[in-house]
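> I would like the atomic coordinates for the input below:
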Amino acid sequence: PYEAEDPVAPLGVYGASKEGGEQAVRTANPRHAILRTAWVVSPHRANFVKTMLRLAAERPLLRVVDDQWGNPTVAADLAAALATVALRLAGDAAAPAGTFHFANRGDVTWAGFAREIMAQSAARGGPSVPVEGIATADYPTPARRPANSRLSTARLSAAYGIEPRPWREALGELLDELIGPERATQGAHA
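Model prediction:
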């Protein structure tokens with residue numbers, strides 16, 4: 001995983017614009033907090049989880065890139081981390097400033113993420129289809145995507161005591177909101 005202090009090397013215009021924004025924040029205020037994140041999902045707007053659920057309802061099989069790694073991040077957890085940092089910065093002159101990473105704990109490929117979405121969706125009675133892992137080269141896109149988007153949250157944890165929960169747990173809560181709670185399995189007692 002990338003540490004917050006690691007040098008950045010944007011692969012395209014999108015990444016370069018994010019780096020430009022970070023530089024502008026650093027220049028405007030030395031007492032700043034930048035939280036980098038990746039693979040953000042939520043019950044709102046278009047995102048990977050909602051796309052996988054929609055496609056699972058329309059197709060018998062999903063072909064998903066299996067050689068790009070990252071940390072899924074549920075937007076509600078990111079918002080809570082941002083609030084913690086902002087409130088501490090506003091109320092404590094000694095609060096750490098700088099660049100930090102926030103993502104839910106654990107890493108996975110896009111295909112692994114899709115498989116977990118399908119498994120948890122099925123447990124809730126939602127759509128679920130097999131997921132076939134493919135190479136990035138088999139799914140061409142106009143923008144280059146990094147093979148490694150994993151982020152270390154160690155600096156944020158040390159500075160603010162924020163310990164992200166596992167992405168599978170956060171995904172389950174998100175799917176509870178989108179589909180409903182898990183259904184009792186056969187033989188389980190209420």
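> what's the nearest residue to Arg26 if we skip its chain neighbours?
Among residues not flanking Arg26 along the chain, His32 sits closest, at 6.3 Å (CB to CB, 6 or more residues apart in numbering). Any C-beta I mention is one placed from the backbone N, CA and C, and that applies to glycine too.
> Roughly how far does the one you found sit from Gly125?
Look at His32 and Gly125: by CB to CB, to the nearest Å, they are 45 Å apart.
> elements contacting the lowest-mean-pLDDT helix or strand in the chain?
Using mean pLDDT, DSSP states H and E, helix 13-28 stands out as the lowest-scoring helix or strand of the chain, at a mean of 93. Applying 3 or more CB pairs under 8 Å, 6 or more residues apart in numbering; DSSP states H and E, one finds that helix 13-28 makes contact with strand 33-36.
> tell me the mean pLDDT for the strand it packs on?
Averaged across strand 33-36, pLDDT comes to 96.
> now swap in stretch 164-180 and tell me
Averaging pLDDT along stretch 164-180 yields 97.
> Pull the residues that contact it.
Outside stretch 164-180, the residues that touch it by CB atoms under 8 Å, 6 or more residues apart in numbering are 41-43, 49-50, 53, 71-74, 76-77, 81, 102-106, 108, 116-117, 120-121, 124-126, 153, 182.
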